[in-house]
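Starting from these lines, generate the structure:
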Amino acid sequence: MKVPQRSCDGGLQGVVHQEEVETETKVHLRVLEGFMMVLSGDGDMIFLSDNVIKHMGLTQAEMMGHNIFEYTHPCDHEEIRQNLRLTAEHFNSKRREFIIRLKSSLTHRGRNQNIKSATWKVLYCQGRLKMNSALPSGSGLMLTCQPLPLSHTLISTHMFSSQHSMDMTFTYCDQRVVSLIGFSPDELLGRSFYNLCHTLDSNCLYKNHLNLCCKTQSVSGQYRMLVKGGGYVWVESHCAVVPIVPMSKCGPPAPQQPPCILCVTYVLGGVEQPCVQLSLDQTLNHTHLR
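Numbering: from 1, shown residues only. All right, here's what the predicted structure looks like:
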């Protein structure tokens, strides 16, 4: 779920005020199942909401004051540095959205274990830079962190699930897709997911796909998905790489199967520009889809 953006008319003056952080924490955590984290420009964790223990098994007191690089996967360090970096160009856009792997002392059954046995938990982080003249780096990064994988109950008529090979070719799609974007599951099987996406969103989707392959889970952010006949709808996809475990109760082990990608896609609004066809795949005669 997207956290609503708020306007920012000057950023923080002086130190990060505890009251402001706590107020924003309450707002964000009402709409997001996660925790709040504030980083200095150097990566020091200067605030964490107290519910961090529920998601990571580590307490607020254990983590605050430490540097985030002590707790994150080495392969994610450069991406964190890029999001902490403040330039005139980046500050104008302020918005930050990225995926990292953070140490967690929780087992799969929700039990706590020693930090030396910690595993990696994937977090979807959203937030913005805020000016803070009291910090050596001059800025801070306020984030809401949502642990993945996400649990979905497919009861809404505004979402559909799909399965893909690692190159995002459709191998399965449920029937909800018909009422949402017009294509039937049979029309999508064997086709690339990218055939259904607006060209202007390609770069962010490629980045999401790379995150997915490297970190096993991702959230796409909002993008445009083409509708059969014309136009597009705004959607957001939550994805995970899962291994296919062959069933073999007797006899020799079944051959190893490649992993696949599972997606749950939420349709966020109605069809826009329904009279405009942006791709041949939208035409009513689907000979090129076959």
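
Residue 146 pairs with what?
residue 124 (DSSP bridges).

sorry, that was for residue 38
Beta-bridge partners, per DSSP bridges, of residue 38: residue 47, residue 142.

what do you get for residue 100?
Under the criterion used (DSSP bridges), residue 100 bridges to residue 123.

give the contact list for it.
By CB atoms under 8 Å, 6 or more residues apart in numbering, residue 100 lies in contact with 72, 73, 76, 79, 80, 122, 123, 125. Every residue, glycine included, has its C-beta placed from N, CA and C.

Is the fourth one in a helix, a strand, or coil?
If I follow you right, that is residue 79. Put simply, residue 79 is helix when judged by DSSP: H, G, I helix; E, B strand; the rest coil.

i'd like the first residue to be 2 from this point on
With the count now opening at 2, the last piece we talked about shows up as residue 80.

tell me which element the nearest residue in space to it that is not next to it in sequence falls in.
Distances taken as CB to CB, 6 or more residues apart in numbering put residue 99 closest to residue 80, at 5.7 Å, once the chain neighbours are dropped. Applying DSSP states H and E as the criterion places residue 99 in strand 96-105.

can you give me the mean pLDDT across that strand?
Averaging pLDDT along strand 96-105 gives 82.

what's the spacing between residue 168 and residue 191?
Distance of residue 168 to residue 191, given as CB to CB, to the nearest Å: 12 Å.

Could you verify my assumption that residue 270 touches residue 237?
No. If you go by CB atoms under 8 Å, residue 270 and residue 237 don't touch, sitting 10.9 Å apart.

picking that back up, among the contacts of residue 101, who's most crowded?
residue 124 (26 neighbours; other CB atoms under 10 Å).

mind checking pLDDT for residue 238?
In this model, residue 238 carries a pLDDT of 90.

Touching the helix or strand hosting residue 222 from outside, list them.
Taking DSSP H and E as the definition, residue 222 sits inside strand 218-227. Residues outside strand 218-227 that contact it (CB under 8 Å, 6+ apart) are 3, 98, 100, 123, 125, 147, 149-151, 182, 197-199, 201-202, 205-206, 209-210, 212-213, 233-242, 266, 268-269, 273, 279-280, 282-283.

For residue 148, the count of nearby residues, please.
Every residue meeting other CB under 10 Å relative to residue 148 is counted, giving 19.

list the contacts for it?
34, 35, 56, 57, 122, 123, 124, 125.

Quick check: the second one touching residue 144?
Going back to what we said before, that points to residue 35. No. If you go by CB under 8 Å, residue 35 and residue 144 don't touch, sitting 9.3 Å apart.

so residue 271, which of the three states?
Classification of residue 271 by three-state DSSP places it in coil.

Who are the contact partners of it?
residue 234.

Now do it against residue 228, distance only.
10 Å.

Need the residues touching each of these two.
residue 234.

Beta-bridge partners for residue 220, please?
Counting by DSSP bridges, the residues bridging with residue 220 are residue 239.

And for it, the neighbour number?
Residue 220, neighbours per other CB under 10 Å, totals 22.

From residue 190, how far out is it?
Residue 220 is 25 Å from residue 190, where distance means CB to CB.

Just the endpoints, please. Distance across stretch 186-198?
16 Å (CA to CA, to the nearest Å).

Average pLDDT for that stretch, rounded please.
91.

Also stretch 212-220?
pLDDT averaged over stretch 212-220 gives 86.

so what's residue 36 up against?
Residue 36 neighbours (CB under 8 Å, 6+ apart): 30, 49, 50, 52, 53, 55, 56, 57, 145, 146.

cool, and residue 161?
If you count contacts by CB under 8 Å, 6+ apart, then residue 161 has 174, 175, 177, 178, 181, 265, 266, 268 around it.

sec struct for it, please.
strand.

what's the burial count for the nearest residue to it once chain neighbours are set aside?
Ranked by CB to CB, 6+ apart and with sequence neighbours excluded, the top spatial neighbour of residue 161 is residue 177, at 3.9 Å. Residue 177: 19 surrounding residues under other CB under 10 Å.
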